[in-house]
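**Student:** got a sequence here, can you model it:
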Amino acid sequence: MSSVAPEEDAEATARLERIVFSFLKKKNFKEAAKALAQQSKVLNFKDDEDDEDGAEEIAITNQLAAIVGEADPDDVEESYSSLNKWIANSLDQYKNELNLVTYPIFVYLFLDLIYCGRSAEARRFMETHHHEHSEFHGNELAKLMAITSAEQAAQNEAAVSFRQNKYCLTLCTYSTLLLMSFLQDHKYTRILRIINQHMSLKVLAGNPSQRLDVGGLGIQEGNLGGINKQEVSWGTVSFVDDDEDDEDAAGPADDETKRKRPKRRPDAPTAPQHRVPIPEIKGKLLEMKQEELRELKRRVELSSSKLPSCCAYTMFNYKNVTAMAFSSDAKLLATGAADSSVRVWSLTDRKLVELLPQHKLAEKAERAKESGQGQLSLEEAMDASTAESVKVMRGHSGPVYSVAFSPDNVLLISGSEDKTVRLWSLVTFQNLVCYRGHNFPVWHVEFSPVGYYFASASHDRTARLWSTPQTNSQRIFAGHLSDVDCVKFHPNANYIATGSTDKSCRLWDVLEGTCVRVFQGHRDTIHALEFSHDGRFLASAADDWDIILWDLKTSRKIRTLHGHQDVVYCLAFSQEDAILASGGADNSVRIWDCQCLADERQATTAQLQQDDVDDLEPGDESPELLTTYRTKDTPVLTVKFGYTNYLLAAGVFVKDPTTH
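**Tutor:** As a prediction, the model looks like this:
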């Protein structure tokens with residue numbers, strides 16, 4: 001066994017302490033650096049010491065990286081187990097927060113063993129400790145457990161993401177000090193190197209939050225500024241002129257009932273109306289937009305003291321339904337199913353009818369011409385004998401995960417496991433176009449507010465922009481680190497929001513195809529997105545059971561809403577943005593007060609600089625929760641406010657909740 005001379009040991013210790021001290025200064029961990037300076041028995045540190053010509057700072061990463069060398073499995077196991085044991089014996093106040101650090105450290109230690117050729121030891125390390133993180137990171141761990149060699153790691157999606165991106169975490173100041181002091185005291189240089197090279201710690205003043213922020217791979221806090229400081233033209237435009245003199249058929253509307261959405265604020269940055277080219281609005285779409293304006297004038301204004309009425313549709317004996325969506329006028333409901341079918345349901349007394357067969361249509365048109373009637377209207381061209389309350393359309397070869405109506409109720413799109421998006425006619429109830437481009441299943445589809453364009457989100461980690469006349473995608477929005485699970489058009493049609501399994505939301509410029517906002521704050525997969533009608537705010541909901549409200553103008557998190565007891569599937573703002581409705585797997589529709597959005601509009605510049613602090617204890621409900629409408633074993637898959645502010649919800653009855 002080789003021995004080390006005392007002089008060499010002291011020199012190595014001094015070098016290591018110098019590296020750690022420089023690292024702590026670089027990360028601005030002043031308390032930890034001060035503690036090291038006081039406790040060092042080898043070097044006489046100066047608190048105000050500056051790195052000469054920046055050489056020391058530049059050398060930190062290189063010197064720490066050089067320590068890696070050959071990964072010793074025994075050292076890896078000993079350092080990780082010691083860290084776990086130390087955290088387990090820590091004060092409960094800091095234990096939850098410190099536990100969050102162990103997952104990225106565990107992953108990077110595992111990958112170190114893999115890249116050093118220690119496959120057997122890496123597998124044993126993974127099998128020993130993976131259960132400690134399976135609750136929050138089961139999907140990622142399942143991918144990592146398949147790795148048995150460096151070659152496989154180079155092709156593994158999860159491993160590549162960990163190597164190419166830093167893992168972002170938020171800790172309080174004292175938790176960070178405790179962690180760095182422990183690692184320095186025990187000289188766990190490999191873990192220090194992991195924190196330096198592969199992790200981005202956001203240190204906050206105050207006590208640790210008891211609501212776990214499990215963190216995730218993503219853009220570092222310091223790099224978000226360049227993206228989130230870009231100008232966003234979030235102001236909305238009117239695609240159809242409003243007739244101020246329009247009156248109800250029953251007579252003029254009084255001041256109490258004749259309302260419209262609030263006027264756009266003069267300071268709202270608005271993109272040129274034709275920045276994104278769209279066809280002229282006419283025909284059925286023009287009629288429906290005008291009807292919308294008339295209905296908005298008769299709406300009931302909601303508030304915390306005046307809650308909406310809710311009508312819930314429950315589907316029985318349709319347990320294989322995987323997607324639901326209301327039409328813009330709330331008169332139709334579409335569903336997608338695991339048997340690859342798409343169904344359209346009428347929610348009014350009016351039945352769904354199909355277009356006459358071509359030969360009958362030609363005969364009827366000829367008779368009308370002979371009688372001097374002229375061209376047939378659309379209603380005259382329909383076949384009354386086909387009237388039904390529901391129509392079934394088939395064409396996909398896999399489960400249908402999303403459906404969406406066009407704004408004029410003439411078209412319907414659907415996304416499927418078969419990697420395609422299909423366009424359906426609601427006149428003939430036949431498939432018109434099949435759009436191919438995604439390499440993996442399509443999770444979500446959404447029509448633009450003015451039709452013509454639609455967007456899709458996929459397992460291939462991209463969202464795509466399409467136009468109905470062309471089969472090739474017009475834009476590909478790439479940047480998420482995992483599945484893109486949901487997509488939503490901005491009310492002005494110039495932007496698209498996406499939510500991902502990487503726990504982030506992004507806002508994309510439709511014209512440029514670039515990312516202009518990144519929102520990080522959720523702790524799990526994001527399932528639903530919704531813009532406020534004035535275009536300034538975005539709501540997101542996720543597997544972490546929380547809803548977060550974001551400000552597009554300042555890029556800040558306004559509020560986190562707690563109350564749901566399971567995954568949140570859907571969101572909807574009332575017409576004046578005073579109320580937010582949400583539905584989820586906890587068999588409930590919840591109504592939230594959005595007064596905080598009005599406060600945000602009036603906030604000063606100084607008040608807009610900081611994110612909202614979430615100081616609620618786990619299990620507590622947010623004060624913004626106004627009421628809860630509960631169903632009986634019916635997870636709510638979609639919610640929608642009608643033009644007059646009535647609320648619709650829909651879901652599928654689950655006889656055995658354990659199978660949901």
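
**Student:** could you list the low-pLDDT ranges of the protein?
**Tutor:** 1-16, 19, 23, 26-28, 40-70, 209-225, 240-267, 604-619, 656-660 (pLDDT under 70).

**Student:** and the longest helix for it?
**Tutor:** helix 92-115 (DSSP state H).

**Student:** elements contacting that helix?
**Tutor:** In terms of contacts (3 or more CB pairs under 8 Å, 6 or more residues apart in numbering; DSSP states H and E), helix 92-115 is packed against helix 73-88, helix 119-129, helix 134-144, helix 150-155, helix 157-164, strand 166-172, helix 173-185, helix 189-198. Where you see a C-beta, it was placed from the backbone N, CA and C, and this is true even at glycine.

**Student:** need the contact list for the residue nearest the centre of the chain.
**Tutor:** With distances taken as CA atoms, centre = their mean, the residue of the chain nearest its centroid is G499 (2.5 Å). Each residue near G499 by CB atoms under 8 Å, 6 or more residues apart in numbering is listed here: 484-487, 505, 525-529, 540, 542.

**Student:** wasn't it part of a strand?
**Tutor:** Yes: G499: assigned to a strand according to DSSP: H, G, I helix; E, B strand; the rest coil.

**Student:** please tell me how far it sits from S532.
**Tutor:** Distance, G499 to S532, by CB to CB, to the nearest Å: 16 Å.

**Student:** so who does A325 touch?
**Tutor:** Contacts of A325 (CB under 8 Å, 6+ apart): 333-334, 402-405, 638.

**Student:** try it again at 7 Å.
**Tutor:** 334, 403-405, 638 (CB atoms under 7 Å, 6 or more residues apart in numbering).

**Student:** what's the most distant pair in these?
**Tutor:** Spatial extent of the contacts of A325 (CB to CB) is set by the pair F405 and T638 at 11.5 Å.

**Student:** in stretch 341-359, what's buried?
**Tutor:** 341-347, 352-356 (16 or more other CB atoms under 10 Å).

**Student:** got the CA positions of stretch 585-597 in PDB?
**Tutor:** Coordinates of each C-alpha in stretch 585-597 appear next as PDB, following Å, rounded to 0.1, in the frame of the first residue of the first chain:
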ATOM      1  CA  ALA A 585     -58.800  13.800 -12.100                       C
ATOM      2  CA  ASP A 586     -60.100  14.500  -8.600                       C
ATOM      3  CA  ASN A 587     -63.600  14.500 -10.000                       C
ATOM      4  CA  SER A 588     -64.100  18.200  -9.500                       C
ATOM      5  CA  VAL A 589     -64.400  21.600 -11.100                       C
ATOM      6  CA  ARG A 590     -62.900  24.400  -9.100                       C
ATOM      7  CA  ILE A 591     -63.500  28.100  -9.400                       C
ATOM      8  CA  TRP A 592     -60.700  30.500  -8.600                       C
ATOM      9  CA  ASP A 593     -60.700  34.300  -8.000                       C
ATOM     10  CA  CYS A 594     -58.400  36.100 -10.500                       C
ATOM     11  CA  GLN A 595     -58.400  39.500  -8.800                       C
ATOM     12  CA  CYS A 596     -54.600  39.100  -8.700                       C
ATOM     13  CA  LEU A 597     -54.600  39.600 -12.500                       C
END
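
**Student:** contacts made by it with the rest, please.
**Tutor:** 304, 307, 310, 532, 537, 549, 558-559, 561, 563-567, 569, 577-583, 624-631, 633-636, 639, 649, 660.

**Student:** cool, and stretch 138-157?
**Tutor:** By CB under 7 Å, 6+ apart, stretch 138-157 touches 107, 110-111, 114-115, 117, 119, 123, 126, 130, 133-134, 158-159.

**Student:** which of those count as buried?
**Tutor:** Using 16+ other CB under 10 Å, the buried members of these are 107, 110-111, 114-115, 119, 123, 126, 130, 133, 158-159.

**Student:** nearest to L432 among those?
**Tutor:** For the buried ones among the contacts of stretch 138-157, the nearest to L432 is A158 (38.4 Å; CB to CB).

**Student:** so how far is F440 from the closest one?
**Tutor:** Counting by CB to CB, the gap from A158 to F440 is 15 Å.

**Student:** now L111
**Tutor:** 24 Å.

**Student:** before we move on, what about L625?
**Tutor:** 37 Å.

**Student:** neighbour count: these two, which is higher?
**Tutor:** L625 (16 against 13; other CB atoms under 10 Å).
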